[in-house]
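Q: I would like the atomic coordinates for the input below:
(chains A and B, ligands or ions: 3)
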Amino acid sequence: MTQPLVLNYLRAKKQFPHVWCPGCGHGVVMGSLIRAIDKLALSKDDVVMVSGIGCSSRMTAYVDFNTLHTLHGRPIAYATGLKLARPELPVIVITGDGDATAIGGNHFIHAARRNIDLTIILMNNNIYGMTGGQVSPTTPYGGRGSTAKSGNPEHPFDISQLAIAAGASFVARTTAYHVPAMDRLIQQAFENKGFSLVEIFSQCPTYEGKWNKRGDAATMLKYYKDNAIPVTSKSKYSEEELKDKFLIGILHHTPKAEFTAEYQKIIEKYQIKEQMTQLSQQKGKNEPEASSKESESPVSED
Amino acid sequence: MPEKTVLMQGNEACSEGAIAAGCRFFAGYPITPSTEIAESMSEKLPRVGGKFIQMEDEIASISAIIGASVGGLKSMTATSGPGFSLMQEGIGYACMAEIPIVIANVMRGGPSTGLPTKTAQGDVMQARWGTHGDHFLIVLAPESVKETFYLTIKSFNLSEKYRVPVILLLDEAIGHMREKVVIPDYGDILTEDRLVPIVPPQWYKPYEITTDFVTPMAPFGSGYRYNITGLTHDEMGFPTNKESEIISKMNKLRDKIMRSTTDIVDYESLYTDDANTLVITFGSASRSAKEAVQYLRNHRRKVGFFRPITVWPFPEKQLRQIIKKVDQVYVVEMNQGQLIDEVRKVECYHKKIFGINRYDGEMITPNQIIAKIREAK
Ligand SMILES: Cc1ncc(C[n+]2csc(CCOP(=O)(O)OP(=O)(O)O)c2C)c(N)n1
Ligand code: SF4
Ligand SMILES: [Mg+2]
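A: Ligands and ions are numbered 1, 2, ... in the order given. Modelled structure (predicted):
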């Protein structure tokens, strides 16, 4: 028996044990992501993984890629610069519900609007795990957290819908329970050239579970199992039946012009123009440049 | 490109200098009085195969240039006060993770939205201490359009050489002023590129404590897989809480700059041999200060002139040598008195130090400086 596949991709000797609590969904997502990368046969030397700050974002330390652990909320903006600088490299963003839609909400919608070729793996646990269980932009109305002990008076974002509205070309949702589907969806997200989001419901038993009396990790996973409706069988359910459920699968896939490829066209346009002017300058040589022949301007301006 | 003589704006000189230095990535968000830098970069960069992007805000802009620099491109942004404030967390990240970037801050009146179209020098302390925690970076302040061109090149060179953010401190007056600049043939311009590792990947320590505290930097995607983080990290780039590793990282950040001040620090001094009065200033204010000093010398006053070109690290050693010979010191700046505190730190001889300040959005004038120095005696 050879060693498990994930070990080929982990910084197993140096960075373990990891920081995640027992029962946390984030490690399951890491496994799935690794399998997808392996299936796609991407080179470890090429894969760039950019994360923000949060439990989810800690993933970058554990995987043996080019890893960039950035600031809270900013991984998409860092990744935008990196991808535009090096369009040939596959760039993955690892983020959480707080990281991507509270502090980083602006970058999230603008990257979707640009349709820049990033694969966004967003672990949504409806809470701020890292800082100890405060409510997040996806905490349900009435849900509890350490900053809303008597129930959240605010309404949550539907992150996938937000991404679709903002212009993402690929949006899928799954959960830490639906692992084979997760492997597949991440792979499909990679294959889409453009802003591709995989929103993954990933349980936080330590805070989200505790504050909301959702039971242990297994119970939380069972909740995902019982309440997920594959988007392909949506029509089998009435509005009423769908009310407290959520859809999983590919929610949106509409390919459109990708930003870095569009920018490459701009470069080509400018370079053609540049060559033309150089040619015409060589022809009509000795024309003096249209620069100033004025005398030195006086120093003082007062 | 052969040498050419052009009449250009300070902001244009900045983007011209950036391209000459090898800058190939710009991310920014429009803000007066810096916008012309972004506008001209949006045209110049694609011509040389570089990339320009207008981001959604200044936080995104600084983040994107850090990302691009990690990808291996010389990268910059340009902004003014409100945007510079937004960039501070990113500047700290670049200090901690040792990512070369250049930030042009074309100063305007503050605080807050302040005076968008008027000049000021109120960000000189923010440039040094704007982000949280102990940190070291480099700040350059040109006094003319021509110097803007050269100091932009120098900003990139220092940033690449020391893997540190460099802030180019312009102000509205310099940014929008037009002057003649002789742009040399690009082939004659000395440019510096970051060191890249020569050891094989398995031996590479991305934050190794070297003799000069600067570590070669592998661009992502070059076969050197490693981790970059804003968390305090060890020589391999992984987070650490070990006291000894924390101390060596913090000292590395300090020593790579502070043990190379002879290479980094630059200043200009005039008439200091016989001076009993010293005028200290920086950036655009030095134009008026120089004229005032000249005038006073023509009227037999023994006035000397000192201008830090690298505002940070502050040329303290050099200033101390000069200051000990004079009786009084005037610090001319277009704010309510910021650099004067740095002069007070250097001055341990109990000399009289006066501020000559203007902060109504207009350029300080030679007359204001002359009048103040004359009234002293
Ligand atoms: C600018 C800034 N503000 C606040 C924090 C503190 N902080 C760290 S992680 C975090 C929330 C993370 O939540 P999420 O992105 O949902 O990740 P999770 O831990 O739930 O996986 C916060 C508020 C920070 N590091 N930086
Ligand atoms: S606090 Fe929650 S999100 Fe963070 S590691 Fe623990 S279970 Fe996971
Ligand atoms: Mg969360």
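Q: quick one: the residue of the stretch 51-200 of chain B found nearest ligand 1 from chain A, how far?
A: Going by Cβ to the nearest ligand atom, ligand 1 is nearest to B:Glu89 of the stretch 51-200 of chain B, at 6.4 Å. Where C-beta positions appear, they are placed from N, C-alpha and C, glycine not excepted. B:Glu89 sits 6 Å away from chain A, taking Cβ to the nearest Cβ, to the nearest Å as the criterion.
Q: mind checking how far A:Gly104 is from ligand 1?
A: 8 Å (Cβ to the nearest ligand atom, to the nearest Å).
Q: Do you know the pLDDT at the nearest residue to B:Arg128 once chain neighbours are set aside?
A: Closest residue to B:Arg128 apart from its sequence neighbours, by Cβ to Cβ, 6 or more residues apart in numbering or on different chains: B:Trp312 at 4.7 Å. Note on B:Trp312: pLDDT of 98.
Q: again, but for A:Glu287
A: At A:Glu287, pLDDT is 51.
Q: cool, A:Pro298 as well?
A: 38.
Q: got it, and B:Lys351?
A: 82.
Q: Same question for A:Lys293.
A: The model's pLDDT for A:Lys293 equals 39.
Q: hmm, back to that, please name the bridge partners of the residue nearest to B:Arg128.
A: Note on B:Trp312: beta-bridge partners by DSSP bridges are B:Val139.
Q: B:Thr119 touches B:Glu333, doesn't it?
A: No: in this structure B:Thr119 lies outside contact range of B:Glu333 using Cβ atoms under 8 Å: 11.8 Å.
Q: More neighbours: which of these two?
A: Ranked by neighbour count (other Cβ atoms under 10 Å in any protein chain shown), B:Thr119 and B:Glu333 place B:Thr119 first, with 30 against 26.
Q: That one sits in which helix or strand?
A: Counting by DSSP states H and E, B:Thr119 is held by no secondary-structure element, helix or strand.
Q: can you map out the strands along the stretch 201-302 of chain A?
A: A:228-230, A:246-253 (DSSP state E, counting those that start in this stretch).
Q: what does the last one contact?
A: It refers to strand A:246-253. Applying Cβ atoms under 8 Å, 6 or more residues apart in numbering or on different chains, the contact partners of strand A:246-253 are A:160, A:163-164, A:168-175, A:178, A:181, A:185, A:188, A:192, A:201, A:227-232, A:234.
Q: If any of these are buried, put those into a ChimeraX selection.
A: Restricted to buried positions by 16 or more other Cβ atoms under 10 Å in any protein chain shown, the ChimeraX selection for these reads:
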select /A:160,163,164,168,169,170,171,172,173,174,175,178,181,185,188,192,201,228,229,231
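Q: and the contacts of strand A:246-253, which of them are in helices?
A: If you go by DSSP state H, these have A:Ser160, A:Ala163, A:Ile164, A:Ala181, A:Leu185, A:Gln188, A:Asn227 in helices.
Q: Quick check: the farthest pair among those?
A: A:Gln188 and A:Asn227 (22.8 Å; Cβ to Cβ).
Q: any idea where the strands of the stretch 101-250 of chain B begin and end?
A: With DSSP E, counting those that start in this stretch as the criterion, the stretch 101-250 of chain B has strands spanning B:101-107, B:138-140, B:165-171, B:178-183, B:227-229.
Q: got those as JSON lines, with mean pLDDT columns?
A: Shown next, in JSON lines, are those (pLDDT from 0 to 100):
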{"stretch": "strand B:101-107", "mean pLDDT": "99"}
{"stretch": "strand B:138-140", "mean pLDDT": "98"}
{"stretch": "strand B:165-171", "mean pLDDT": "98"}
{"stretch": "strand B:178-183", "mean pLDDT": "97"}
{"stretch": "strand B:227-229", "mean pLDDT": "98"}
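Q: Make CSV from those and add distance to ligand 1 and mean neighbour count to it.
A: Shown next, in CSV, are those (distance: least, Cβ to the nearest ligand atom, whole Å; neighbours: other Cβ atoms under 10 Å in any protein chain shown):
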stretch, distance to ligand 1, mean neighbour count
strand B:101-107, 19, 30
strand B:138-140, 24, 26
strand B:165-171, 18, 29
strand B:178-183, 41, 19
strand B:227-229, 12, 24
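Q: Show the low-confidence segments of the stretch 1-150 of chain A, by residue range.
A: A:1-2 (pLDDT under 70).
Q: Spatially central residue in chain B, please.
A: B:Val139 (2.5 Å; Cα atoms, centre = their mean).
Q: ok, now which ones touch that residue?
A: Here B:Val139 is in contact with B:Val124, B:Ala127, B:Arg128, B:Val166, B:Ile167, B:Leu168, B:Leu169, B:Thr310, B:Val311, B:Trp312 (Cβ under 8 Å, 6+ apart).
Q: let's see 7 Å
A: When contacts are counted by Cβ atoms under 7 Å, 6 or more residues apart in numbering or on different chains, B:Val139 touches B:Ala127, B:Arg128, B:Ile167, B:Leu169, B:Thr310, B:Val311, B:Trp312.
Q: For the last one, the count of nearby residues, please.
A: Going back to what we said before, that points to B:Trp312. Neighbours of B:Trp312 (other Cβ under 10 Å): 24.
Q: Return the distance of it relative to ligand 3.
A: Remark: distance between B:Trp312 and ligand 3 (Cβ to the ion, to the nearest Å) = 39 Å.
Q: Smallest distance to ligand 3 belongs to which residue of chain B?
A: Per Cβ to the ion, the residue of chain B with the smallest distance to ligand 3 is B:Leu231, at 18.5 Å.
Q: So that residue is in contact with B:Pro239, correct?
A: Yes: contact criterion Cβ atoms under 7 Å: B:Leu231 and B:Pro239 qualify, at 4.1 Å.
Q: How is the chain partitioned into domains?
A: Reading this off chain A. With automatic domain parsing as the criterion, the domains of chain A are listed as A:5-256, A:259-302.
Q: switch to chain B, that's the one I care about
A: If you go by automatic domain parsing, chain B breaks into B:4-188, B:268-375.
Q: And the nearest residue to A:His155 once chain neighbours are set aside, how far from A:Asn126?
A: With sequence-adjacent residues excluded and distances taken as Cβ to Cβ, 6+ apart, A:His155 is closest to A:Tyr141, at 5.1 Å. Separation of A:Tyr141 from A:Asn126 (Cβ to Cβ, to the nearest Å): 11 Å.
Q: now do A:His69
A: 23 Å.
Q: list the contacts for residue 100?
A: The chain I'm using is chain A. Counting by Cβ under 7 Å, 6+ apart, A:Ala100 has contacts A:Phe108, A:Leu122.
Q: think we crossed wires, I meant chain B
A: B:Ser69, B:Ser159, B:Glu160, B:Arg163, B:Val164, B:Arg194.
Q: want to throw those residues into a markdown table with distance to chain A, pLDDT and neighbour count?
A: Output for the contacts of B:Pro100, formatted as a markdown table (distance: Cβ to the nearest Cβ, whole Å; pLDDT from 0 to 100; neighbours: other Cβ atoms under 10 Å in any protein chain shown):
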| residue | distance to chain A | pLDDT | neighbour count |
| --- | --- | --- | --- |
| B:Ser69 | 8 | 99 | 29 |
| B:Ser159 | 16 | 98 | 29 |
| B:Glu160 | 15 | 98 | 23 |
| B:Arg163 | 15 | 98 | 25 |
| B:Val164 | 18 | 98 | 23 |
| B:Arg194 | 14 | 98 | 21 |
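Q: mind listing what's buried in stretch A:121-134?
A: In stretch A:121-134, counting by 16+ other Cβ under 10 Å, buried: A:Ile121, A:Leu122, A:Met123, A:Asn124, A:Asn125, A:Asn126, A:Ile127, A:Tyr128, A:Gly129, A:Met130, A:Gly133, A:Gln134.
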